[in-house]
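Student: just need the structure, nothing else, for what follows:
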Amino acid sequence: MTTSDFNKTILITGAAGGIGRATVHLFAANGWLVIGVDRAEFGPGFPQAGLFIRSDISEPASLEAIFQKAKAFSTGLDGLVNNAALQIAKPLLETSVEEWDAVMASNLRSVFLSAKLAYPLFHATGGGAIVNVSSVHAVQTSANIAAYAASKGGLLALTRAMAIEFAADNIRVNAILPGAVDTPMLRAGLERNHVTGADIHARLENLAGKTVNGRVGTPDEIAHAIYFLADGTQSSFMTGQALIVDGGATARLSTE
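Tutor: Predicted structure coming up:
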């Protein structure tokens with residue numbers, strides 16, 4: 001198949017991670033032409049008709065090159081999923097300026113720049129949808145993750161601002177706030193803060209017990225929520241919104 005055989009095109013950052021990989025496969029399975037971006041290799045399984053770009057979205061020059069390649073590959077965009085993220089877990093007083101800036105560059109500045117660079121490609125197709133992957137840390141957070149929480153909170157405000165400014169161009173902008181999802185990032189975090197003697201499965205079970213559903217989420221579940229916001233078939237009247245997908249974790253009072 002050639003690019004002209006696809007009705008819609010989407011660009012997904014953080015494509016090689018847990019949520020990103022599931023999102024890539026879901027959109028491809030639904031007939032979208034997928035452009036994936038990640039600083040890590042995707043490995044086997046990327047959609048044959050798509051385009052994978054190995055690059056670092058925290059660098060402005062790299063982002064410009066990414067969208068130049070996207071433009072050469074496809075005449076326009078119908079969707080953009082800003083999923084790439086950097087998480088630094090350490091006390092605020094121990095976080096360096098360089099670490100703070102690295103988190104903001106990856107998680108917040110990249111979204112601002114991607115919106116500007118994607119705009120002409122959206123304009124070429126008559127509009128589309130942007131989905132910003134925030135986090136429940138934007139609304140309720142933990143110790144030793146201040147930079148990440150601040151970046152994800154800022155992403156919510158940016159989502160609302162983008163939705164207002166892009167509405168006239170038929171571009172919807174929404175955010176999704178995943179809770180605990182079984183991804184390499186989550187497992188790495190559990191390894192850093194592990195309980196002595198508890199293996200990774202015990203740590204996951206402990207975390208699962210803190211949700212209303214009694215389990216952690218799967219990347220596929222988050223991918224389907226992203227698809228719901230991006231596709232627009234059933235979410236065409238949604239823009240500027242934050243969709244929390246966390247197994248009910250933020251619904252429960254912390255004092256219970």
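
Student: and Leu26, how far is that from Ala202?
Tutor: 30 Å (CB to CB, to the nearest Å). Every residue, glycine included, has its C-beta placed from N, CA and C.

Student: more neighbours, these two?
Tutor: Taking other CB atoms under 10 Å, Leu26 and Ala202 do not tie; Leu26 has more neighbours (19 against 13).

Student: which ones are touching that one?
Tutor: 220, 223-224, 226-227 (CB atoms under 8 Å, 6 or more residues apart in numbering).

Student: which residues of the chain fall in strands?
Tutor: 8-13, 32-38, 51-54, 79-82, 128-133, 171-178, 242-245 (DSSP state E).

Student: any chance of those in JSON lines, plus mean neighbour count?
Tutor: Output for these, formatted as JSON lines (neighbours: other CB atoms under 10 Å):
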{"stretch": "strand 8-13", "mean neighbour count": "27"}
{"stretch": "strand 32-38", "mean neighbour count": "26"}
{"stretch": "strand 51-54", "mean neighbour count": "18"}
{"stretch": "strand 79-82", "mean neighbour count": "29"}
{"stretch": "strand 128-133", "mean neighbour count": "27"}
{"stretch": "strand 171-178", "mean neighbour count": "25"}
{"stretch": "strand 242-245", "mean neighbour count": "18"}
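
Student: quick one on the thing from earlier: which among the contacts of Leu26 count as buried?
Tutor: 223, 226-227 (16 or more other CB atoms under 10 Å).

Student: show me what contacts Gly31?
Tutor: 6-8.

Student: what is the nearest of those residues to Ala146?
Tutor: Lowest distance from Ala146 to the contacts of Gly31 (CB to CB) belongs to Lys8, with 37.9 Å.

Student: what residues are bridge-paired with the closest one?
Tutor: Trp32 (DSSP bridges).

Student: what's the pLDDT at it?
Tutor: Here, the pLDDT recorded for Lys8 equals 97.

Student: so who does it touch?
Tutor: 31-33, 78-79.

Student: with Thr239 instead?
Tutor: By CB under 8 Å, 6+ apart, the neighbours of Thr239 are 163, 167, 172-174.
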